[in-house]
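1. Mind looking at a prediction? Sequence and model below.
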Amino acid sequence: MSNEFIKPDEMQVFWHTTSHILAHAVKRLYPEVKLAIGPATDSGFYYDFDTKTPFTADDLGKIEKEMKRIIKEGLPIERFELEKSEALEFVKGEPYKIELIEGIPAGEAITFYRQGDFADLCAGPHLGKTSAVKAYKLLSVTGAYWRGDEKNKMLQRIYGVSFPDRQQLDEHLHRLEEAKKRDHNRLGRELELFTTSEYIGQGLPILMPKGARIMQILQRFVEDEEEKRGYQLTKTPFMAKSDLYKISGHWDHYRDGMFIMGKEGDKEIFALRPMTCPFQFQAYLSKMRSYRDLPIRYNETATLFRNEASGEMHGLIRVRQFTLSEGHIVCTPEQLEDEFRGSLDLASFMLKTLGLDEDVSFRFSKWDAQNREKYIGSPEQWENTQNIMRSILDRLEINYVEAEGEAAFYGPKLDIQIKNVHGKEDTLITIQVDFQLAERFEMEYIDADGQKKHPYIVHRSSIGCYERTLALLIEKYAGAFPLWLAPVQVKVLPISEKHFDYAEAVAARLQACGFRVEKDTRNEKIGYKIREAQKQKVPYMLIAGDKEEEQGTVSVRSRKDGELGTLTLDEFITAIQEEIKNKTI
RNA sequence: GCUGGUGUAGCUCAAUGGCAGAGCAAUUGAUUUGUAAUCAAUAGGUUGCGGGUUCAAAUCCCAUCACCAGCUCCA
């Protein structure tokens, strides 16, 4: 969270201190509650508590009042150190603190911070006294597993935020409210882009005509661009026998995420595809391949099915059926770097065109060597592939963070990450390097030396999953899409009934030119029609009355800049053709 | 899957065990409109679905489905 007056790291200290004040207040009100941890986050702080009865909204109010007292008391905050044995004695009765202290390596300082009658194990640093926190708010209470492991007990987490003055807090809360208004889940329904039905089920959104329109535009754009870049489109089945997934490793490493049809003992068990890779591999395997054929770049606008757990679905961002701009490049080891580079270039081009390029970050997702059973292949293969990938990334001068345990089960990934309007990060696009599956499927090519060799495979997406990308576009533009993407580009608004025929002629002409046009022939005043069109975020409104009809012109109003004046229809058409061609953001 | 919350008209929300309501949207009529809301009337409901408690349930309890926040998982 950016802040004009305080640097981010100072805010972290500020928030961390507030989390101690929160824990202090909870301990005063509910002495039996056990303390877990309470760090600062990117945008505030939280503290995890182990409590028999979960906190209610009323409790939060009480806790806030108690925090106020602690702040008013202006308690000095003091740091002190203890030896391990002393520390363990000090936190007697706090099992989570004991566990934390036991995990601290011998010889490392064990520090505590004390404010009044409360002291907490903490690396610090902290503010000098509790009264420095002038404005704070507890935002929510949720469940969270101890140490982020679902095998552990679920604790109660209280989230909050704080600032050095009331105004900054109010501004922050206002920003949160504004962000909510951009939430794709709300805007997407308001703008009739999608809906859901409890009869259809969770994670299965229905794309309404306007949402489907945007997806269609994106899809055509993506497929055309991929064709230009040497991709060949495939159309592979939505399901396959379990045999296929047994070879790919999905059966052993991805089964929880799949919709499986049939039961143990059935002659054939089918499963809906969670990924397209093994299907496109069958296309490759349909005949003998020479090194001269490579690289082969397959793309597919792929409908995929993943059986996400019930609590994980979210609007269009996490769903059970989705459409991935998927593709697999089969290449020689020598071609790998170029193909990776090309994939990244394509993804970057897409992001730039959509205006999302400034909003993404890169993550190099590696395997977790401690969790071998999650992956196929040997440690040597993993290390080797990861090293190759890292050197490619470094040569491309990509600014990435490394993440252990985030790899696919068959290979490491470069994930292009983006945050939604609530600050939650998700993967938008991913590019993966894979040597394992080519072996498992016995994919080969005859090299120049006459030897059969296994190719490398780049699994890649170009624009990501259309549903998720659409969600992020809705939030990015608050529903006001660039002209080339807008489901309705122009709305013709006749002043009165007298002008319906002229409005019809204008709309027909625009339609014939390929624009997406609507007209508003309701018996309403022009101000009302403008208001409606504006709320629907239509980029251009054309007002048609006596004057325009006489002169064969239109009065142009843009949703962004308001009245633009009168143009001939030809002038208007030329202008928006240009805007669409350039995909102006 | 887990923790907590929510579910009332198409939408946003009221009704704290005692007659289900408002605004917007919709429909009809009047108005013929010049750059972000014309006026009036009408209609709209087995309170998500299913059980239970009660003389009486939108309201309390149980179960279930969906949605929201978060955890875990993930594109």
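-> Thanks, I have the structure now.
2. Would you state the helices of the stretch 351-500 of chain A in chain order?
-> Listed in chain order, the helices of the stretch 351-500 of chain A (DSSP state H, counting those that start in this stretch) span residues A:379-395, A:436-440, A:466-477, A:500-512.
3. Dump the ones you listed into JSON lines; add distance to RNA strand B, mean neighbour count and mean pLDDT as well.
-> All C-beta atoms are positioned from the backbone trio N, CA, C, and that covers glycine. Rendered in JSON lines, the data for the helices of the stretch 351-500 of chain A read as follows (distance: least, C-beta to the nearest atom of the strand, whole Å; neighbours: other C-beta atoms under 10 Å; pLDDT from 0 to 100):
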{"stretch": "helix A:379-395", "distance to RNA strand B": "16", "mean neighbour count": "16", "mean pLDDT": "95"}
{"stretch": "helix A:436-440", "distance to RNA strand B": "14", "mean neighbour count": "19", "mean pLDDT": "95"}
{"stretch": "helix A:466-477", "distance to RNA strand B": "5", "mean neighbour count": "24", "mean pLDDT": "95"}
{"stretch": "helix A:500-512", "distance to RNA strand B": "9", "mean neighbour count": "17", "mean pLDDT": "95"}
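4. So for A:Leu29, which of these sits nearest?
-> helix A:466-477 (38.1 Å; C-beta to C-beta).
5. Which elements pack onto that closest one?
-> helix A:184-190, helix A:209-228, strand A:321-331, helix A:336-354, strand A:425-434 (3 or more C-beta pairs under 8 Å, 6 or more residues apart in numbering; DSSP states H and E).
6. CA atoms only: put the longest one into PDB for me.
-> What follows is helix A:209-228 as a C-alpha-only set of coordinates in PDB (Å, rounded to 0.1, in the frame of the first residue of the first chain):
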ATOM      1  CA  PRO A 209     -24.300 -12.300 -24.700                       C
ATOM      2  CA  LYS A 210     -22.100  -9.300 -23.800                       C
ATOM      3  CA  GLY A 211     -19.500 -11.400 -21.900                       C
ATOM      4  CA  ALA A 212     -19.500 -14.000 -24.600                       C
ATOM      5  CA  ARG A 213     -19.000 -11.300 -27.200                       C
ATOM      6  CA  ILE A 214     -15.800 -10.100 -25.400                       C
ATOM      7  CA  MET A 215     -14.500 -13.600 -25.200                       C
ATOM      8  CA  GLN A 216     -15.200 -14.100 -28.900                       C
ATOM      9  CA  ILE A 217     -13.200 -11.000 -29.700                       C
ATOM     10  CA  LEU A 218     -10.300 -12.000 -27.500                       C
ATOM     11  CA  GLN A 219     -10.300 -15.500 -28.900                       C
ATOM     12  CA  ARG A 220     -10.300 -14.400 -32.500                       C
ATOM     13  CA  PHE A 221      -7.500 -12.000 -31.800                       C
ATOM     14  CA  VAL A 222      -5.500 -14.600 -30.000                       C
ATOM     15  CA  GLU A 223      -6.000 -17.400 -32.600                       C
ATOM     16  CA  ASP A 224      -5.100 -14.900 -35.400                       C
ATOM     17  CA  GLU A 225      -2.000 -13.700 -33.700                       C
ATOM     18  CA  GLU A 226      -0.900 -17.300 -32.900                       C
ATOM     19  CA  GLU A 227      -1.400 -18.300 -36.500                       C
ATOM     20  CA  LYS A 228       0.900 -15.400 -37.500                       C
END
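7. What's the per-residue pLDDT of the residue nearest the centre of chain A here?
-> The centre of chain A sits closest to A:Asp426, judged by C-alpha atoms, centre = their mean, with a distance of 2.9 Å. The model reports A:Asp426 with a pLDDT of 93.
8. Look through chain A and tell me its longest helix.
-> Among the elements of type helix in chain A, defined by DSSP state H, the one spanning the most residues is helix A:8-29.
9. Would you mark the buried spots in that one?
-> The neighbour-count criterion (16 or more other C-beta atoms under 10 Å) identifies A:11-28 as the buried residues of helix A:8-29.
10. on contacts alone, who are the packing partners of the next helix or strand after that helix?
-> Using DSSP states H and E, the next helix or strand after helix A:8-29 towards the C-terminus is strand A:34-35. In this structure, strand A:34-35 makes packing contacts with helix A:8-29, strand A:44-50, helix A:95-102, judged by 3+ C-beta pairs under 8 Å, 6+ apart.
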